[in-house]
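1. 3D, please:
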Amino acid sequence: MRSEFLHFSPPLIGDEEVEEVVQTLRGGWITTGERAQRFENDFRAYVGAPAALAVNSATSALHIALAALGIGEGDAVVSTDMTFVSSIHVIEHQRARPVLVDVEPDTLNIDPDQVEAAVKRIKGVKAILPVHLYGHPAEMGRIYDIARRHGLAVVEDAAHSLPARYRGRMIGAPADGMDVPNLVAFSFYATKNLTTGEGGMLTGPPELLDEARVWSLHGMSRDAFKRYTSEGSWRYDVVLPGFKYNMPDVQAAIGIHQLEHLDEMQKRRRAIVAQYDEAIGQLEELETPVARPEVESAWHIYLLRLRPERLRIGRDQFIEELRRRNIGASVHFIPIHQHTYYREHHQLRPEQFPVAQREFERMLSLPLSPAHSDQDVADVIEAVTDVVEKNRS
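-> Now for the predicted structure:
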């Protein structure tokens, strides 16, 4: 057994990131500036997006996406029950109504059939907010088709999905023939595939990103961004009741070099997934993650599902047994319908979301980070195998 606790998803930070931060601190300009702009440009080019806006979190990116699309009080947004609450909070922040639907049993992504049914049933739906859960893209072909036929916008939560591809197209790049408003939000939180500690990026059409940029910094007109530089002016105007969501250069300094190393980090991440699949896939008591042939997952989360009929312990005890063996595991996520606020304010019940409820009760996430060594991975496999062998039905 390991002598030290293995953390779930530590970041992999190199000397280049550290040196860029030091140079930023010594340069005298640490808030939003040239490095944030460079990070935006590099990110836009990497994913093939028309435009990009660096912000302080994926939640902020989702929020200003809805604001830029004009979604507000009286509107409805269709989204998934299986996600972190921030995906749904932003709908509430805009005083719009979240309409939650169940998920597909294999990927646990939003079920397009239920999206279509909700759009037809609910008045005032203005947008669909799919989540590319665990790094596996949702069924975007069908979601885009629904949006086209019903005149809806699409705001993608890609917090887990850098870099992921759907039918050869990188998430964040526009789909061929895209004729619906479409914005994509990414996360750079500490556990993500690319991190800036905290941070996010919004991609989409330039005209929508221009609007989102104004929302992201107090609603000030664009000419206000340079007011502290030699070419700027002290005068500014406020044209919207905006927010404080900009990304500072200190964070962007980390992101610039994280992006440079992303392909290398993803190669390591995929190698760990392959090791898990080979070893854990032999245990009949467990289900390993699904990857559909038309997608390339970002493999942000390695999701295990227990087969309860083959084990004498449940998910919670399984995680506790891993912890006793110094292996950190987690659960992604507690479905929205279980949280007090949404359960009470929207009268949500487990029977409305049978797939999400059932899968939540048997899921756990294993450690997965390019910072993990081969020995770390071997320790996880050994611990999982030991727990299974000692608790078979």
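2. What is the end-to-end distance of stretch 324-333?
-> Criterion CA to CA, to the nearest Å; first-to-last residue distance in stretch 324-333 is 22 Å.
3. May I see the buried residues of that stretch?
-> Arg325, Ile327, Gly328, Ala329, His332, Phe333 (16 or more other CB atoms under 10 Å). Just so you know, the C-beta spots here come from the backbone N, C-alpha and C atoms, and that holds for glycine as well.
4. Ramachandran coordinates for the residue nearest to the third one when sequence neighbours are not counted?
-> Read it as Gly328. Using CB to CB, 6 or more residues apart in numbering and skipping residues adjacent in sequence, the residue nearest Gly328 is Phe8, 4.2 Å away. With angles defined as degrees, to the nearest 10, Phe8 sits at phi -60, psi -50.
5. Quick check: the gap between Phe8 and Ile319.
-> From Phe8 over to Ile319 the distance is 11 Å, taken as CB to CB, to the nearest Å.
6. Leu183 - that's part of a strand, no?
-> Yes. Assessed by DSSP: H, G, I helix; E, B strand; the rest coil, Leu183 belongs to a strand.
7. which residues touch it?
-> Each residue near Leu183 by CB atoms under 8 Å, 6 or more residues apart in numbering is listed here: Ala65, Ala68, Leu69, Ala153, Val154, Val155, Glu156, Leu202, Thr203, Gly204, Leu208, Ala212.
8. So it versus Glu207, what's the distance?
-> To Glu207, Leu183 is 11 Å away according to CB to CB.
9. if we can go back for a sec, hey, what's in contact with both of Phe8 and Ile319?
-> Ala329, Ser330.
10. quick one: low-confidence parts of this structure?
-> Residue ranges of the chain with pLDDT under 70: 222-230.
11. Nearest residue to the middle of it?
-> Relative to the mean C-alpha position of the chain, the nearest C-alpha, by CA atoms, centre = their mean, is the one of Ala159, at 1.6 Å.
12. What separation is there between that residue and Phe84?
-> Going from Ala159 to Phe84 by CB to CB gives 8 Å.
13. Repeat that for Ala54.
-> Ala54 sits at a distance of 21 Å from Phe84 (criterion: CB to CB).
14. And Arg292, by the same measure?
-> Distance, Arg292 to Phe84, using CB to CB: 22 Å.
15. now do Asp113
-> The gap separating Asp113 from Phe84 is 23 Å, by CB to CB.
16. in stretch 261-272, what's buried?
-> Quick answer for stretch 261-272 (16+ other CB under 10 Å): His261, Leu262, Met265, Gln266, Arg269, Ile272.
17. for stretch 22-38, same thing?
-> For stretch 22-38, the neighbour count (16+ other CB under 10 Å) marks Thr24, Ile30, Thr32, Gly33, Arg35, Ala36, Arg38 as buried.
18. Just the residues you listed: which are in strands?
-> Using DSSP state E, no member of the buried residues of stretch 22-38 sits in strands.
19. any chance of those in CSV, plus distance to Asp249?
-> Putting the buried residues of stretch 22-38 into CSV (distance: CB to CB, whole Å) gives the following:
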residue, distance to Asp249
Thr24, 5
Ile30, 6
Thr32, 6
Gly33, 5
Arg35, 4
Ala36, 5
Arg38, 9
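20. how about those residues, which pair is most distant?
-> Pairwise distances across the buried residues of stretch 22-38 (CB to CB) peak at 14.6 Å, for the pair Ile30 and Arg38.
21. Tell me the secondary structure at the residue nearest to the centre of the chain.
-> Quick answer, by three-state DSSP: Ala159 is coil.
22. Contacts only, for the spatially closest residue to it that is not a sequence neighbour.
-> Using CB to CB, 6+ apart and skipping residues adjacent in sequence, the residue nearest Ala159 is Ser187, 3.6 Å away. Shown in contact with Ser187 (CB under 8 Å, 6+ apart): Ser57, Ala58, Ala158, Ala159, His160, Gly199, Gly200.
23. which among the residues you listed gets closest to Ser393?
-> Nearest to Ser393 among the contacts of Ser187 is His160, at 32.7 Å by CB to CB.
24. and that closest one, how many neighbours does it have?
-> By other CB atoms under 10 Å, 28 other residues sit near His160.
25. who are the neighbours in contact with the spatially closest residue to it that is not a sequence neighbour?
-> In space, and not counting its chain neighbours, His160 is closest to His300: 3.9 Å by CB to CB, 6+ apart. Counting by CB under 8 Å, 6+ apart, His300 touches Tyr134, Gly135, His160, Ser161, Lys192, Asn193, Leu368.
26. How about the backbone phi and psi for Gly70?
-> Dihedral angles (degrees, to the nearest 10) for Gly70: phi 80, psi 20.
27. Give me the distance between it and Leu240.
-> 11 Å.
28. Helix or strand: which one has Gln275?
-> Using DSSP states H and E, Gln275 maps to helix 262-280.
29. Can you dump the C-alpha atoms of that helix in PDB for me?
-> Listed in PDB are the C-alpha atoms of helix 262-280, where the atom choice follows Å, rounded to 0.1, in the frame of the first residue of the first chain:
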ATOM      1  CA  LEU A 262      -1.200  20.600 -23.900                       C
ATOM      2  CA  ASP A 263      -0.600  18.000 -26.600                       C
ATOM      3  CA  GLU A 264       2.200  16.400 -24.600                       C
ATOM      4  CA  MET A 265       0.100  16.400 -21.400                       C
ATOM      5  CA  GLN A 266      -2.800  14.800 -23.300                       C
ATOM      6  CA  LYS A 267      -0.500  12.100 -24.600                       C
ATOM      7  CA  ARG A 268       0.300  11.200 -21.000                       C
ATOM      8  CA  ARG A 269      -3.300  11.400 -20.000                       C
ATOM      9  CA  ARG A 270      -4.300   9.000 -22.700                       C
ATOM     10  CA  ALA A 271      -1.500   6.600 -21.700                       C
ATOM     11  CA  ILE A 272      -2.900   6.500 -18.100                       C
ATOM     12  CA  VAL A 273      -6.400   5.800 -19.500                       C
ATOM     13  CA  ALA A 274      -5.100   2.900 -21.500                       C
ATOM     14  CA  GLN A 275      -3.400   1.400 -18.500                       C
ATOM     15  CA  TYR A 276      -6.600   1.800 -16.500                       C
ATOM     16  CA  ASP A 277      -8.700   0.300 -19.300                       C
ATOM     17  CA  GLU A 278      -6.400  -2.700 -19.700                       C
ATOM     18  CA  ALA A 279      -6.200  -3.600 -16.000                       C
ATOM     19  CA  ILE A 280      -9.600  -2.500 -14.600                       C
END
